[in-house]
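Undergrad: below is the sequence, then the predicted model.
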Amino acid sequence: TGTIAALASACALLSAFMNTIGALALLMPVAIQQARRLGIPPGRVLMPLSFASLLGGMTTLIGTPPNLIVAGFRAQDGTPPFGMFDFTPVGGAVALAGVAFVALVGWRLVPSRERAGDRPFDIGAYLTEARVPEKAKAAGMLLSEIEAALEKADAQAVGFIRDGERVVAPDPRWRVRAGDILVLEGEPRALSAAIAALGLVLEEAKAAEEEPTARRRGGVGDVRLVELVLRPGSPIAGLSAADIMLRRRHGVSLLAISRQGRRSVSRLRQTRLAAGDVLLLQGPSQALSEFAAAVGAVPLADRPLGLPERRKGALAALAFGAAVLAAAFGLAPPAIAFAAGALGVVLFGVLPARRVYEEVDWSVIVLLGALIPVADALAATGAASVLANGLLGVVGTERPWLVLLALMAATMLLTDFMNNAATAAVMCPIALGIAGGLGLNPDAFLMGVAIAASCAFNTPIGHQNNTLILGPGGFRFGDYWRMGLPLEALVLAVSVPLLLLVFPP
């Protein structure tokens, strides 16, 4: 409880001033290490951490995109936009209550999908390919005998490839011969034991030895194994190792993939990668570090990738701190302050200019560019007023707290399946229509939309943070609501009376 409380508090504090995904990515390796030390599945630490980052984003103007969207809607009628810490009285109270909940009670509600052991990472079974070399013990054995040997090592064969063709349901009486490829599934240690016992060779590792490009990218003695999890929005999501020419272009080899709840039906190099996949990669440290940065991957556990240079780290921290202070004290609008900070890290040589374009989430920008005009149309055509009056007709007008509760509950439901910023853009005109119909302070309803839009707790697709922990936590789609629903109920119980108190009619 103390460990989860400390990690969740740190994550909430970080996400108040930086991107919530970045805050989670910074602390994920620490969380996995602590889960191993405590002897619990990593998911029981990762899910509270993910939710805490979303809670922390509610506390400041720059904490999460919905807050900026809501501030923009407030300024449309000439009212000054919300300031940096206008979200703090209510958002801070909600964050404190939420962090206390996930630390004291919430983590106990997270399903235990994997038995915690002494493995470095508890991320589920890997799929990998192993070739039968000449004079291997496996050469000449019956397939049934190999399956029995694998079972003893707590692994299994889930595929068989001969002459480049996958054989569906091979006969157990077949004799395995040199050159055949076995598709194996199991935990990392089980796979290692099985491969060693049968004298097999990892297919990708063998190919890397024969690929001169891989050896040129770093010293021979610098080769290492790392595990990386793909972040949502990674440019290689939906592509395979063959599509991106992984070994030739990046100098690293894909040895195995861990994907919860799904089994690959294609060759390892042809398997299309997805956000949340855990990749076991081999290659020189520099090549692995460059690959992780280029594709948006996060290292697990002890962060085997190299740390930034001290000078560059100090310059990055200085630029970030200056941008936050400029936005906090009103010296510049947040958009200008953080754009200047991004320009600063480029001018100081911390990051190359091309990374600026790579880090922009263009899909979200296009989505907002499409939905903000829709939100404006809702207000201009009167559709928002119709929807607002419909909601008022259902819950009545005598109890403003009940109307606010219904508005926030509807926003929470929508944000579980749609981008949170887009949800805020759609719900803000309705919130303004409801406030106008009741003659109440619109700030309470706008702030309610901002808080509710950040409560994407019930699905792995509601927020990128939830997708990021999907693979390392071993979660399934229906695992999130077990802690998410009680947490949403707590958010409503704390925020609704506070909103009406802090923003009275």
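TA: The structure has been received and is ready for your questions.
Undergrad: which residue is the nearest non-sequential neighbour of residue 232?
TA: Leaving aside its chain neighbours, residue 232 sits nearest to residue 464 (3.9 Å; criterion: Cβ to Cβ, 6 or more residues apart in numbering). For the C-beta atoms, the positions are set from N, CA and C on the backbone; glycine is no exception.
Undergrad: so who does that neighbour touch?
TA: Counting by Cβ atoms under 8 Å, 6 or more residues apart in numbering, residue 464 makes contact with 21, 231, 232, 233, 275.
Undergrad: what's the weakest-modelled helix or strand in the protein?
TA: helix 212-216 (a mean of 43; mean pLDDT, DSSP states H and E).
Undergrad: state the next helix or strand along the chain beyond it.
TA: strand 223-230 (DSSP states H and E).
Undergrad: which regions of the stretch 201-350 of the chain sit below the pLDDT cut-off?
TA: For the stretch 201-350 of the chain, the stretches with pLDDT under 70 are 204-223, 260-268, 301-309.
Undergrad: helix, strand, or coil at the residue of the chain lying at maximal distance from its centre?
TA: No residue in the chain sits farther from the centre than residue 140, which is 45.3 Å out by Cα atoms, centre = their mean. Three-state call for residue 140 (DSSP: H, G, I helix; E, B strand; the rest coil): coil.
Undergrad: could you do the one 10 residues further on as well?
TA: Three-state secondary structure (criterion: three-state DSSP) places residue 150 in helix.
Undergrad: wait, isn't it in contact with residue 156?
TA: Yes. At 5.5 Å, residue 150 counts as touching residue 156 under the criterion of Cβ atoms under 8 Å.
Undergrad: who has more neighbours out of these two?
TA: Between residue 150 and residue 156, counted using other Cβ atoms under 10 Å, residue 150 has the larger neighbour count: 23 against 15.
Undergrad: the more buried one and residue 430, how far apart?
TA: Separation of residue 150 from residue 430 (Cβ to Cβ, to the nearest Å) stands at 58 Å.
Undergrad: over to residue 245?
TA: Computed as Cβ to Cβ, the residue 245 to residue 430 distance reads 48 Å.
Undergrad: who has more neighbours out of the two?
TA: residue 430 (25 against 10).
Undergrad: in which helix or strand would I find the more buried one?
TA: Using DSSP H and E, residue 430 falls in helix 420-438.
Undergrad: buried set for that helix?
TA: 420-435, 438 (16 or more other Cβ atoms under 10 Å).
Undergrad: point out where the protein drops to low pLDDT.
TA: 77, 113-126, 168-169, 188, 204-223, 260-268, 301-309, 396.
Undergrad: tell me where the longest helix sits in it.
TA: Criterion DSSP state H: the longest helix present in the chain is helix 481-502.
Undergrad: can you dump the C-alpha coordinates of it into PDB?
TA: Output of helix 481-502 as PDB, limited to C-alpha atoms (Å, rounded to 0.1, in the frame of the first residue of the first chain):
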ATOM      1  CA  TRP A 481     -13.900  -1.400 -15.000                       C
ATOM      2  CA  ARG A 482     -13.300  -3.400 -11.800                       C
ATOM      3  CA  MET A 483     -11.300  -0.500 -10.300                       C
ATOM      4  CA  GLY A 484     -12.600   2.100 -12.900                       C
ATOM      5  CA  LEU A 485     -16.200   2.100 -11.900                       C
ATOM      6  CA  PRO A 486     -15.700   2.600  -8.200                       C
ATOM      7  CA  LEU A 487     -13.200   5.300  -8.900                       C
ATOM      8  CA  GLU A 488     -15.600   7.100 -11.200                       C
ATOM      9  CA  ALA A 489     -18.300   6.900  -8.500                       C
ATOM     10  CA  LEU A 490     -15.800   8.500  -6.000                       C
ATOM     11  CA  VAL A 491     -14.900  11.200  -8.500                       C
ATOM     12  CA  LEU A 492     -18.600  12.100  -8.900                       C
ATOM     13  CA  ALA A 493     -19.200  12.100  -5.100                       C
ATOM     14  CA  VAL A 494     -16.200  14.400  -4.500                       C
ATOM     15  CA  SER A 495     -16.500  16.700  -7.500                       C
ATOM     16  CA  VAL A 496     -20.200  17.500  -7.800                       C
ATOM     17  CA  PRO A 497     -20.700  19.200  -4.400                       C
ATOM     18  CA  LEU A 498     -17.300  20.900  -4.700                       C
ATOM     19  CA  LEU A 499     -18.100  22.300  -8.200                       C
ATOM     20  CA  LEU A 500     -21.300  23.900  -6.900                       C
ATOM     21  CA  LEU A 501     -19.500  25.300  -3.900                       C
ATOM     22  CA  VAL A 502     -16.400  26.700  -5.700                       C
END
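Undergrad: pretty sure residue 348 contacts residue 313?
TA: No. Applying Cβ under 8 Å, one finds residue 348 not in contact with residue 313, separated by 11.3 Å.
Undergrad: neighbour count for these two, which is higher?
TA: Legend: neighbour count by other Cβ under 10 Å for residue 348 and residue 313, higher for residue 348 (15 against 12).
Undergrad: hey, where'd the strands end up in this protein?
TA: 126-131, 155-162, 165-167, 181-186, 201-202, 223-230, 253-258, 278-284, 297-299 (DSSP state E).
Undergrad: residue 442 and residue 70, how far apart?
TA: 10 Å.
Undergrad: compare those two (neighbour count), which wins?
TA: residue 70 (29 against 20).
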